[in-house]
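Engineer: Sequence and computational prediction follow.
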Amino acid sequence: MLDMPLRVGVGGSGPVSRGVEFQVNLTDGMEFAWSCAPDSVEEKLKNNPIDVFVEACGDVADAAECSLLAIENHAHVILTDARVDVAVGLTLQTEAHPHGIIVTSDSGTPHGALATMIQEAHIMGFDTMQAGQISPRCDTSRFLYEMAALANGFGFLPPSGGMTGPRIETLDKALTSFDFESYGDTPRIDFLRLPSPTEGLYLIVKPKVDLPEEQVAHLRNCQLGDGPYYLIHRPRPLGYFETPKAILGAAAGQPVLSPGYPTCQVYATLKQDLQMGTEPSEGHLEAHLSPNDENLIPLAVLQEGAKLKIDLPKGQPLTFQNTLLPEPE
């Protein structure tokens with residue numbers, strides 16, 4: 001049995017923090033304890049203990065520090081920022097697991113909502129072949145981090161060469177736009193480009209066993225497809241409106257999406273030619289999602305003060321061989 005009401009604290013003071021406070025105050029069995037800037041989290045945790053900590057700091061370093069403090073103070077942790085999942089999620093999980101503390105993505109994030117869809121599909125007797133977003137802002141690092149967080153949590157991979165994002169006119173065309181047979185035993189992440197304003201999340205699934213014709217006809221009538229692959233989709237997630245689900249799940253020992261051993265990462269690639277000695281800034285870089293490569297520098301660990309060791313052309317990824325990182329403070 002859960003001890004009710006669950007006391008909830010939030011690290012951060014922006015729109016997500018205010019939205020979580022509003023939703024928690026509306027939800028039976030929860031009590032909003034506090035929200036504060038990252039530099040006040042340690043004091044709040046010690047003087048006003050909570051059951052669940054919602055990370056909404058807006059900065060990866062602050063999020064990591066505050067989440068570790070929450071774990072030390074026996075609070076479950078909800079991550080609202082996919083960058084945190086990818087950059088430090090495994091570290092947080094390693095610290096939390098021996099103490100029975102849950103670290104989980106938020107239900108209202110795209111990767112959290114997709115994780116819920118995958119779990120529900122499994123219960124219904126489906127294996128997931130592919131998971132992705134529909135008409136996302138696919139050129140943003142945020143989108144790439146969301147998909148990397150999902151892949152790392154489930155052990156999925158992007159297709160060889162990266163996500164393809166085919167342009168299709170109607171959603172049902174997704175079932176004929178990929179070579180699912182080439183995936184083997186490893187599901188993939190990808191995305192779909194549909195005419196605006198269509199947005200949302202989707203799964204391509206396959207029944208775990210051959211279905212009788214009656215079940216096939218039922219799925220066809222539900223407009224999931226003709227088989228052997230079927231399409232499940234939902235509208236875009238609702239952010240902090242869905243956060244109470246993650247809070248309840250964490251308190252019950254049931255994470256939405258736990259950080260897993262990374263299968264892929266978001267790396268930094270140059271947008272333009274740069275000379276030796278240049279300090280690459282945000283304007284010089286674009287994010288690129290690919291399978292793990294220990295030679296490449298993850299975008300999240302690039303800090304001010306990094307310098308190129310050699311001249312690099314546009315499109316070149318930053319590596320530990322061609323870039324000098326500043327010494328840790």
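Structural biologist: In hand now; what should we look at?
Engineer: Can you list the buried residues in stretch 66-85?
Structural biologist: Of all the residues in stretch 66-85, those buried under the rule 16 or more other C-beta atoms under 10 Å are 66-71, 73, 75-85. (C-beta placed from N, C-alpha, C; glycine too.)
Engineer: Among those residues, name the ones in helices.
Structural biologist: Where these overlap with helices, as defined by DSSP state H, the overlap consists of C66, S67, L68, L69, A70, I71, A82, R83, V84, D85.
Engineer: Over stretch 170-188, what's the mean pLDDT, rounded is fine.
Structural biologist: The predicted model gives stretch 170-188 an average pLDDT of 93.
Engineer: Quick check: V88 vs A96, distance?
Structural biologist: Using C-beta to C-beta, to the nearest Å, V88 is found at 12 Å from A96.
Engineer: same deal with A250?
Structural biologist: Distance of A250 to A96, computed by C-beta to C-beta: 10 Å.
Engineer: What ranges does this protein have for its strands?
Structural biologist: 6-11, 30-36, 52-55, 76-79, 103-105, 126-134, 188-192, 200-207, 230-234, 264-270, 285-291, 307-308, 323-324 (DSSP state E).
Engineer: of all these, which lies closest to Q119?
Structural biologist: For those, the distance to Q119 is smallest for strand 126-134, at 9.6 Å, taking C-beta to C-beta.
Engineer: In terms of secondary structure, what does the closest one contact?
Structural biologist: In terms of contacts (3 or more C-beta pairs under 8 Å, 6 or more residues apart in numbering; DSSP states H and E), strand 126-134 is packed against helix 110-123, helix 141-154, strand 188-192, strand 200-207, strand 230-234.
Engineer: what's next to that strand, contact-wise?
Structural biologist: With C-beta atoms under 8 Å, 6 or more residues apart in numbering as the contact definition, strand 126-134 has outside contacts at 110, 114, 117-118, 121-122, 143, 146-147, 150, 154, 156, 163, 171, 178, 180, 183, 187-192, 194, 198-208, 229-230, 232-233.
Engineer: Could you list the paired strands of it along with their orientation?
Structural biologist: Sheet neighbours of strand 126-134, with direction, are listed as strand 188-192 (parallel), strand 200-207 (antiparallel) (DSSP bridges).
Engineer: Tell me which of those approaches R167 most closely.
Structural biologist: strand 188-192 (8.3 Å).
Engineer: what angle separates that closest one from helix 110-123?
Structural biologist: In this structure, strand 188-192 runs at an angle of 120 degrees to helix 110-123, with axes from the mean of the first three to the mean of the last three C-alpha atoms, to 10 degrees as the basis.
Engineer: Show the buried residues in the contacts of strand 126-134.
Structural biologist: 110, 114, 117-118, 121, 143, 146-147, 150, 154, 156, 163, 171, 178, 180, 183, 187-192, 194, 200-205, 207, 229-230, 232-233.
Engineer: low-scoring stretches of the stretch 51-200 of the chain, by residue?
Structural biologist: Applying pLDDT under 70 to the stretch 51-200 of the chain picks out residues 138-139.
Engineer: now with 90?
Structural biologist: 135-141, 159-162, 184-185, 195-199 (pLDDT under 90).
Engineer: now swap in the stretch 201-329 of the chain and tell me
Structural biologist: Those would be 259-262, 277, 279-284, 286, 288, 290, 300-306, 315, 325-329, if you go by pLDDT under 90 across the stretch 201-329 of the chain.
Engineer: can I see the domain layout of this protein?
Structural biologist: Taking automatic domain parsing as the domain assignment, the ranges for the chain are 6-109+240-251, 112-236, 264-324.
Engineer: Might one say that P166 is in contact with S177?
Structural biologist: Yes - taking contacts as C-beta atoms under 8 Å, P166 lies within contact range of S177: 4.4 Å.
Engineer: list the residues that contact both of those two?
Structural biologist: Overlap of the contact sets of P166 and S177 (by C-beta under 8 Å, 6+ apart) consists of L192.
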